[in-house]
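Trainee: Coordinates only, no sequence provided:
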């Protein structure tokens, strides 16, 4: 009996646990129960794992969604990892290395490791970064555990999945056998793992850019142009930095690329995110506030704090990593949008310089 | 002195007249005045051309935007066409053939003919259509007048242009010399004329699809998936039907492709379109009403009428043309989204069959 385990107690980890449990009975040779690692954190002075096991609900990250009795929450990461034939990995980028260090040495040799994490792993506070300093999550998984991960990205909100909405994702995997299909989750498989991951990380920068456009009160022409130029920079970045992995521009047309961006753009920036929902809107709001005069005295960290005391947005962080790398490599001119977003985030550039920064964009040469 | 003329008295024709007039002084060898053909139609019992020349405002199609004194409106199409060294052509698809028939024989042999028209020209009411029955606007221009047109498409609303918003478009042109750049209008040139035009036409079907998703109260995951599958069908259609023109999938990543779709998706379907603005929102609203129970007794024509007495939406019309062709060629299974939208428009299929129709989509094979 193969065992499926989920690592990650956020909204996505919660939904994935439920979703896979509902699909396991259709597969032969699988234990119908899912083991779920919920790290030792608190919700209203109680341990989250106890709250979940008592109430069958993740009251902290996905309130209102009932968790199946066949999902067994545990706070013992090593035990959960050791039991796993299949791991669904849904961790915020900043915790990726820490959890990998915890589970390494416990993993089965032939574990199927499926990562839903979006972002780039990089050292904190380093003023110069070369290509060697920035890691895809799949690279970090390989480095720490020796396992070759499958990566999943796409236009996929946790709430949408929880409702059983028709959802597409893109699976980046070296081997085709890793790609499976569930009833509501349509998977398009590609061997272009790097592009799948890059899109998932870099779209956070574009969400901030979209917010800046909103804050500047520019219209649909401009916002559409910005997002397309961002998609262009994504493709160029992927080709230039990860060409060794045989990246392909056509992957941008998969769910991990354009659909993810469509999804971000559908969000209304006048709404606060629901806790536990995905964070595109958080990035968009930060962008908007960065370009509104009444917040001009606030740093991006103060803006984040004002929106939510507990969370760190992925957009400014990703923009900073990418900028540090690009400037170390003297490549900023080729990526004026990524560059502008970072400089606006650190208040080195006024947000109304966004458009002038793009006036000689490489996409138009 | 080269003369620039504009054909088309809608919102886009109005803005183009103004925009080109503001840029002409920067170019040498051009008459600084633009001739603008405004066809013989009425606004509040007065001739539109007189209204425009008196009030310097297109009160019917773009109220509130002042028209430069250097734009000379005229109701004599033949005279305007005969004077033109450069024509900017912004006609609704259903009037394209009629106006071309009027101006043919009057055109200079080396006129630079730039078409902003989006859509497909096809015979009315024909139950079967082969590839030979459907014409790109550029093909129709060549057929009727013998001129090889340049085509322009992209995420470009007339109002956004009128405000001088940062806007990108894609220029499809056989020769590079035809592509020019203005300060606010950034042009990306491609020789892939067919894809530029196809995107402009087929996105109307996708706007209806987006509206259907709204009406069904499905969320961002589904809407993003639908739009991406539509983009996939666009690419397939273009490659299969217009491969003779050496189409390229990468053109989908230009403004004419993804940006146009981003722009459509940014629209809120709870707002009525402003008269004279572009018609994406009109298509989205029709889609929404097609899937809301309270309108289930209305035909798509009645829905159109209820929204606006004067206008015909391009989405259902394009869907019908494409469906007639696809079914004649036994290709419907390869284009389930285009097929579903048409069948929902003619009430042969319930809108909640949209998702099941896509469950074995070729993009997932």
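Mentor: Arrived safely. This structure is a prediction, so every number in the text was calculated from the model and none was measured.
Trainee: My read is that residue A:334 contacts residue A:236, right?
Mentor: Yes - assessed by C-beta atoms under 8 Å, residue A:334 is found in contact with residue A:236 at 6.7 Å. Placement of C-beta: from N, CA and C, glycine included.
Trainee: Would you mind listing the residues touching both of those two?
Mentor: Common neighbours of residue A:334 and residue A:236, counting by C-beta atoms under 8 Å, 6 or more residues apart in numbering or on different chains, are residue A:362.
Trainee: Around chain B, pick out the residues from the stretch 251-365 of chain A.
Mentor: A:252-255, A:258-263, A:265-267, A:355, A:358, A:361, A:363-364 (C-beta under 8 Å from any C-beta of the partner chain).
Trainee: Residue A:352: neighbouring residues, count only.
Mentor: 13 (other C-beta atoms under 10 Å in any protein chain shown).
Trainee: and the gap between it and chain B?
Mentor: Note on residue A:352: its distance to chain B, by C-beta to the nearest C-beta, to the nearest Å, is 11 Å.
Trainee: Contacts only, for the residue nearest the centre of chain A.
Mentor: Centroid-nearest residue in chain A: residue A:118, 2.6 Å away (criterion: C-alpha atoms, centre = their mean). With contact set as C-beta under 8 Å, 6+ apart, residue A:118 has these partners: A:93, A:137, A:153, A:197, A:200-201, A:203-204, A:314.
Trainee: let's see 6 Å
Mentor: Contact analysis of residue A:118 by C-beta atoms under 6 Å, 6 or more residues apart in numbering or on different chains lists A:200-201.
Trainee: hey, what's the closest residue to residue A:173 other than its chain neighbours bridged with?
Mentor: In this structure, residue A:173 finds its nearest non-sequential neighbour in residue A:150, 4.2 Å apart by C-beta to C-beta, 6 or more residues apart in numbering or on different chains. On the basis of DSSP bridges, residue A:150 takes part in beta bridges with residue A:114.
Trainee: And residue A:150, what's its pLDDT?
Mentor: Note on residue A:150: pLDDT of 89.
Trainee: Please apply the same query to the one 3 residues further on.
Mentor: With respect to pLDDT, residue A:153 scores 89.
Trainee: Would you confirm that it contacts residue A:200?
Mentor: Yes - between residue A:153 and residue A:200 there is a contact under C-beta atoms under 6 Å: 4.0 Å.
Trainee: contacting residues for the residue lying closest to residue A:9 once chain neighbours are set aside?
Mentor: Of all residues not flanking residue A:9 in the chain, residue A:38 sits nearest, at 4.0 Å (C-beta to C-beta, 6+ apart). For residue A:38, the contact set (C-beta under 6 Å, 6+ apart) comprises A:9, A:48-49, A:73.
Trainee: So residue A:38 versus chain B, what's the distance?
Mentor: In terms of C-beta to the nearest C-beta, residue A:38 sits 25 Å off from chain B.
Trainee: same question, residue A:160
Mentor: 3 Å.
Trainee: Just give me the neighbour total for that residue.
Mentor: Around residue A:160 sit 25 other residues, with neighbours defined as other C-beta under 10 Å.
Trainee: And residue A:343, by the same measure?
Mentor: By other C-beta under 10 Å, 19 other residues sit near residue A:343.
Trainee: Now it: which helix or strand?
Mentor: helix A:336-345 (DSSP states H and E).
Trainee: Next secondary structure after the helix or strand bottoming out on mean pLDDT in chain A?
Mentor: In chain A, the helix or strand scored least confidently by mean pLDDT, DSSP states H and E is strand A:185-190, which has a mean of 70. Where DSSP H and E defines the elements, the next helix or strand beyond strand A:185-190 is helix A:193-215.
Trainee: orientation of that next one relative to helix A:336-345 in degrees?
Mentor: Relative orientation of helix A:193-215 versus helix A:336-345 (axes from the mean of the first three to the mean of the last three C-alpha atoms, to 10 degrees): 60 degrees.
Trainee: close to chain B, is helix A:193-215?
Mentor: No - judged by C-beta under 6 Å from any C-beta of the partner chain, helix A:193-215 stays clear of chain B, getting no closer than 9.2 Å.
Trainee: What are the buried residues along that helix?
Mentor: Judged by neighbour count (16 or more other C-beta atoms under 10 Å in any protein chain shown), helix A:193-215 contains these buried residues: A:193-215.
Trainee: other SSEs contacting it?
Mentor: Where contact means 3 or more C-beta pairs under 6 Å, 6 or more residues apart in numbering or on different chains; DSSP states H and E, helix A:193-215 is packed against strand A:150-153, strand A:167-172, helix A:220-242, helix A:260-266, helix A:280-290, helix A:314-328, helix A:336-345.
Trainee: Please point out which parts of the longest one sit buried.
Mentor: Right, the one you point to is helix A:220-242. Of all the residues in helix A:220-242, those buried under the rule 16+ other C-beta under 10 Å are A:220-238, A:241-242.
Trainee: What about chain B: which of the residues you listed touch it?
Mentor: When C-beta under 6 Å from any C-beta is applied, the members of the buried residues of helix A:220-242 adjacent to chain B are A:220-222, A:224-225, A:227-228.
Trainee: closest to residue A:162 among those residues?
Mentor: Lowest distance from residue A:162 to those (C-beta to C-beta) belongs to residue A:227, with 26.8 Å.
Trainee: give me every residue that touches the closest one.
Mentor: Neighbour list for residue A:227: A:206, A:261, B:262 [criterion: C-beta under 6 Å, 6+ apart].
Trainee: What are the neighbouring residues in contact with the last one?
Mentor: Translated: residue B:262. Residue B:262 neighbours (C-beta under 6 Å, 6+ apart): A:224, A:227, A:265.
Trainee: any chance of those in TSV, plus distance to residue A:129 and pLDDT?
Mentor: Putting the contacts of residue B:262 into TSV (distance: C-beta to C-beta, whole Å; pLDDT from 0 to 100) gives the following:
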residue	distance to residue A:129	pLDDT
A:224	31	89
A:227	26	91
A:265	29	77
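Trainee: Residue A:258: neighbour count?
Mentor: Per other C-beta under 10 Å, the neighbour tally for residue A:258 reads 27.
Trainee: ok, now the one 3 residues further on?
Mentor: Residues lying near residue A:261 (other C-beta under 10 Å) number 29.
Trainee: related to what we said a few turns ago, relative to residue A:88, how far out is the residue nearest to residue A:173?
Mentor: Going from residue A:150 to residue A:88 by C-beta to C-beta, to the nearest Å gives 10 Å.
Trainee: Name the residues contacting each of these two.
Mentor: Common neighbours of residue A:150 and residue A:88, using C-beta under 6 Å, 6+ apart, are residue A:114.
Trainee: Near residue A:66, how many residues? Count them for me, please.
Mentor: If we define neighbours as other C-beta under 10 Å, then residue A:66 has 10 of them.
Trainee: Give me the phi and psi angles of it.
Mentor: phi -70, psi 140 (degrees, to the nearest 10).
Trainee: Leaving out sequence neighbours, find the closest residue to it.
Mentor: residue A:56 (5.8 Å).
Trainee: Isn't the one you found up against residue A:68?
Mentor: No - contact between residue A:56 and residue A:68 fails when scored by C-beta under 6 Å: they sit 7.8 Å apart.
Trainee: And stretch A:63-72, end to end?
Mentor: Start and end residues of stretch A:63-72 are separated by 18 Å (C-alpha to C-alpha, to the nearest Å).
Trainee: buried stuff in that stretch?
Mentor: A:65, A:67-68, A:70-71.
Trainee: Now flag whichever of these is closest to chain B.
Mentor: Nearest to chain B out of the buried residues of stretch A:63-72 is residue A:65 (C-beta to the nearest C-beta; 14.2 Å).
Trainee: Please list all residues in contact with that closest one.
Mentor: Contacts of residue A:65 by C-beta under 6 Å, 6+ apart are residue A:162.
Trainee: Outside of stretch A:201-216 itself, list whatever touches it.
Mentor: Outside stretch A:201-216, the residues touching it (C-beta under 6 Å, 6+ apart) are A:118-120, A:222-223, A:226-227, A:230, A:234, A:260-261, A:264, A:269, A:280, A:283-284, A:287-288, A:291-292, A:314-315, A:318-319, A:338, A:341, A:351, A:354.
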